[in-house]
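**Student:** Requesting a structural model of the entry that follows:
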Amino acid sequence: GKSHMAFDNGTCGMCHENLHVGPREMFAGVGGRGVPNMPSPMQRPQVDCIACHMIKEHSSQNAEVEAQTYVATQDSCNYCHGDKYKGALDDWKKSLAINLAKAETAMAAAQAAHAAHKLDPTTTLEIERCLDDAAFNVRFVKLGRGLHNINYATALLSVAVERSKKAEDLANGKAVASIP
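**Tutor:** A predicted model of the protein is given here:
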């Protein structure tokens with residue numbers, strides 16, 4: 001299917017390295033930690049970026065200076081799906097915001113517990129690995145724009161919460177099961 005990989009290799013790629021890598025990997029359902037590959041349902045029929053990103057974000061006058069960005073709206077969904085997914089985009093945005101907040105809250109609690117306790121080097125390393133995985137997944141969902149693959153983004157944020165809770169339990173001296 002079509003993708004915007006051409007940007008990386010064409011004129012844009014001369015100055016702009018790795019253009020749209022995060023959203024492209026999110027859409028493909030690859031690159032996160034602790035979650036198997038999970039392509040977006042929209043990737044299977046080889047839907048490309050412009051199928052959803054149809055609405056101009058800037059006026060033509062502003063685009064002459066700062067370039068044009070195309071955004072996805074509910075109308076983009078309706079164009080192909082009719083009313084089948086009416087309201088889905090807003091629902092996904094709300095769900096993503098709730099899950100991001102849960103993951104960030106869990107990370108903050110784990111970081112606070114870690115900072116409050118002096119632990120042996122092995123436990124400290126395990127806590128730091130868990131927190132690194134959690135932070136990576138949260139950052140990936142944010143920068144990869146989790147809406148590109150809501151199922152994968154939700155799974156990544158669930159892992160971020162799990163790893164954060166494990167780190168918090170380790171910091172507080174609780175026994176925990178190992179996470180693969």
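
**Student:** From now on I want contacts and neighbour counts done on CA atoms only, so please keep to that.
**Tutor:** OK.

**Student:** show me where this structure has strands.
**Tutor:** Per DSSP state E, the chain has strands spanning 53-56, 70-72. These are given in chain order.

**Student:** Pick out the shakiest of the ones you listed, pLDDT-wise.
**Tutor:** Taking the mean pLDDT of each of the strands of the chain, the lowest value is held by strand 53-56, a mean of 62.

**Student:** buried ones in stretch 112-126?
**Tutor:** Ala113, His114, Leu119, Thr124, Glu126 (16 or more other Cα atoms under 10 Å).

**Student:** before we move on, what about stretch 137-157?
**Tutor:** 137-142, 144-157.

**Student:** Now tell me which of the buried residues of stretch 112-126 the prediction trusts least.
**Tutor:** Here the lowest pLDDT out of the buried residues of stretch 112-126 sits on Leu119, with 89.

**Student:** So the nearest residue to that one once chain neighbours are set aside versus Ile127, what's the distance?
**Tutor:** Leaving out its chain neighbours, the residue that sits closest to Leu119 by Cα to Cα, 6 or more residues apart in numbering is Ala171, at 7.4 Å. Shown here: Ala171 relative to Ile127, a distance of 7 Å by Cα to Cα, to the nearest Å.

**Student:** Need the residues touching each of the two.
**Tutor:** When contacts are counted by Cα atoms under 8 Å, 6 or more residues apart in numbering, Ala171 and Ile127 have His114 as shared neighbours.

**Student:** returning to what we had before: correct me, but the residue nearest to Leu119 touches Glu128?
**Tutor:** No - in this structure Ala171 lies outside contact range of Glu128 using Cα atoms under 8 Å: 10.2 Å.

**Student:** Looking at the two, which is more packed in?
**Tutor:** Residue environment comparison for Ala171 versus Glu128 gives the larger neighbour count to Ala171, 24 against 18, counting by other Cα atoms under 10 Å.

**Student:** okay, that one: pLDDT?
**Tutor:** In this prediction, Ala171 carries a pLDDT score of 95.

**Student:** And Thr11, by the same measure?
**Tutor:** Among the per-residue scores, Thr11 holds a pLDDT of 54.

**Student:** My read is that Ala113 contacts Gly173, right?
**Tutor:** No - applying Cα under 8 Å as the test, Ala113 and Gly173 come out as separate, 10.0 Å apart.
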